[in-house]
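Q: Attaching a predicted model along with its sequence, questions to come.
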Amino acid sequence: MTGICYTVFLIIFLWMIIRVRADTEVSCVFSESCVLPCSCQGGADVVIHWIQETAEHPLVHSFYHNQDQLGHQNQHFQGRTSLFKDQISRGNVSLRLTGVEVQDEAGYKCHCSTFRGNKDSFIKVKVNAPVRKVSIDQVGNRITCSSNWIYPEPELTWSTSPPSNTKLQNTTTVQQTEQQLYNISSSLILSDSDTDLIYSCTVSTHRNMRRASWRRLSLISSSSGYTTISCSASNTSIMSLIWRFDHNQTILTKPGPDVTYTVSEEWRQHVKDVSESGSLTLQDLTSHQEGTYTCELNNSEETYVTNIFLRIKKDKGIAVSVGVSLCVGAAVAVAVVFVFIYKKKNCRRERVYTEARNCDSQMT
């Protein structure tokens, strides 16, 4: 019987320890504001201490005598902490932390004391800098995928659609910034045998992921009239859209789903329309607009990059018109020369005839 009682007592004791030390986990987004929740019994003369458990100078925020007491505050938190003062009397002693940094990821203790008693709460802060954008570019036979300012450390994987039997040869590098965020980049050598593949690059953490897909360069030919270039085969909704010419010249941008597109100054005379799916209609094209067009389409999960090489064909009607004009011009020129020669010959004949008459009159 004594053994059973001891076992029950031990279980209850361990349960109480676990219950007391049960941390509340809070996910905070890098550079944004975050609320660390804490509550206690309301009342007058409340004493509040927020402490970062592993810091050399642990005091994050103190409040007593009905006002903030920040004389011994850790300088790392200076100007970044505040309480909901109008709610303290009702028991809300939560801490607002602004401009969240990676260094803020730690365990925190909230100590609250009133005339009714003391209470300690424990909060575990996790910092998250999500994968917001994945870029994918081509240089020669190499495509490069990259994403920046991520936390925690991300992973990058390549895949193809449809799946390829060829092993994808890639080189991946990860760098950490001064703010302890991660930049990741990977380059992939294109296979000459797989020409109809869509290459996808996925950057992920255990909290979120984004993907970018790239399609090989396709060739279309068009006259100088209207030309429509398709952006993507996907029927997904568009969050943002960018069209570029020869990789670095921006044609137009559409930064959001409910925002109209903006055309750059040098392309205004050539852009006729943009469809809901992102297809670009051009007009009045010349040889100067022949080259590579890149469409970058973004939605909530993925970035689609499509490259199209546009070849400008000469309009046959224009060619025929030019040919006829040249022929007519040549004919007119020949006629003018013929008339000139004819008049010159007549002039000579008339001069000879006049001189002969004058000579006959002198002899008589």
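A: Noted; the coordinates are in hand.
Q: contacts, neighbours, all on C-alpha from now
A: OK.
Q: Which parts of the stretch 251-364 of the chain are strands?
A: 262-263, 271-274, 280-282, 291-298, 302-312 (DSSP state E, counting those that start in this stretch).
Q: just the stretch 101-250 of the chain next, same as before
A: Remark: strands assigned in the stretch 101-250 of the chain by DSSP E, counting those that start in this stretch are 107-114, 117-128, 135-139, 142-150, 155-161, 170-176, 182-189, 198-204, 209-222, 227-229, 240-245, 249-254.
Q: Model confidence for residue 299, exactly?
A: Per-residue pLDDT puts residue 299 at 87.
Q: List the contacts of the nearest residue to it once chain neighbours are set aside.
A: Ranked by Cα to Cα, 6 or more residues apart in numbering and with sequence neighbours excluded, the top spatial neighbour of residue 299 is residue 239, at 4.6 Å. Residues near residue 239 by Cα atoms under 8 Å, 6 or more residues apart in numbering: 255-257, 297-300.
Q: Any idea how far stretch 302-316 is from the middle of the chain?
A: On the basis of Cα atoms, centre = their mean, to the nearest Å, stretch 302-316 sits 21 Å off its chain's mean C-alpha point.
Q: Sort out which residues of it are buried, please.
A: 302-312 (16 or more other Cα atoms under 10 Å).
Q: how about these in a markdown table, adding pLDDT?
A: Listed next are those as a markdown table, based on pLDDT from 0 to 100:
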| residue | pLDDT |
| --- | --- |
| 302 | 90 |
| 303 | 92 |
| 304 | 91 |
| 305 | 92 |
| 306 | 89 |
| 307 | 88 |
| 308 | 90 |
| 309 | 90 |
| 310 | 92 |
| 311 | 91 |
| 312 | 87 |
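Q: mind putting these in JSON lines, distance to residue 219 included?
A: Shown next, in JSON lines, are these (distance: Cα to Cα, whole Å):
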{"residue": "302", "distance to residue 219": "24"}
{"residue": "303", "distance to residue 219": "22"}
{"residue": "304", "distance to residue 219": "18"}
{"residue": "305", "distance to residue 219": "15"}
{"residue": "306", "distance to residue 219": "12"}
{"residue": "307", "distance to residue 219": "9"}
{"residue": "308", "distance to residue 219": "6"}
{"residue": "309", "distance to residue 219": "5"}
{"residue": "310", "distance to residue 219": "6"}
{"residue": "311", "distance to residue 219": "7"}
{"residue": "312", "distance to residue 219": "11"}
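Q: Which of those residues sits closest to residue 135?
A: residue 303 (7.6 Å; Cα to Cα).
Q: is it true that that closest one touches residue 295?
A: No - in this structure, residue 303 is not within contact of residue 295 by Cα atoms under 8 Å, at 10.1 Å.
Q: Tell me, please, the helix or strand in the protein that averages the lowest pLDDT.
A: Least confident helix or strand of the chain, by mean pLDDT, DSSP states H and E, is helix 2-20 with a mean of 43.
Q: Could you point out the helix or strand that follows that one?
A: As assigned by DSSP states H and E, the chain's next helix or strand after helix 2-20 is strand 24-29.
Q: partners of whichever helix or strand comes after that next one, with directions?
A: For strand 24-29, the following helix or strand on the C-terminal side (DSSP H and E) is strand 34-36. Here strand 34-36 is paired, per DSSP bridges, with strand 95-97 (antiparallel).
Q: Show me which residues of the strand it pairs with are buried.
A: For strand 95-97, a neighbour-count test (16+ other Cα under 10 Å) marks 95, 97 as buried.
Q: what's it in contact with?
A: By Cα under 8 Å, 6+ apart, strand 95-97 touches 33-38, 50, 80-84.
Q: For the spatially most central residue of the chain, which residues are in contact?
A: Taking Cα atoms, centre = their mean, the centroid of the chain lies closest to residue 133, which sits 4.9 Å from it. Counting by Cα under 8 Å, 6+ apart, residue 133 touches 147-148, 210, 303.
Q: related to what we said a few turns ago, narrow the contacts of residue 239 to those that are buried.
A: For the contacts of residue 239, a burial check counting by 16+ other Cα under 10 Å picks out 255, 297-299.
Q: of these, closest to residue 139?
A: The nearest member of those to residue 139, counting by Cα to Cα, is residue 297 at 19.5 Å.
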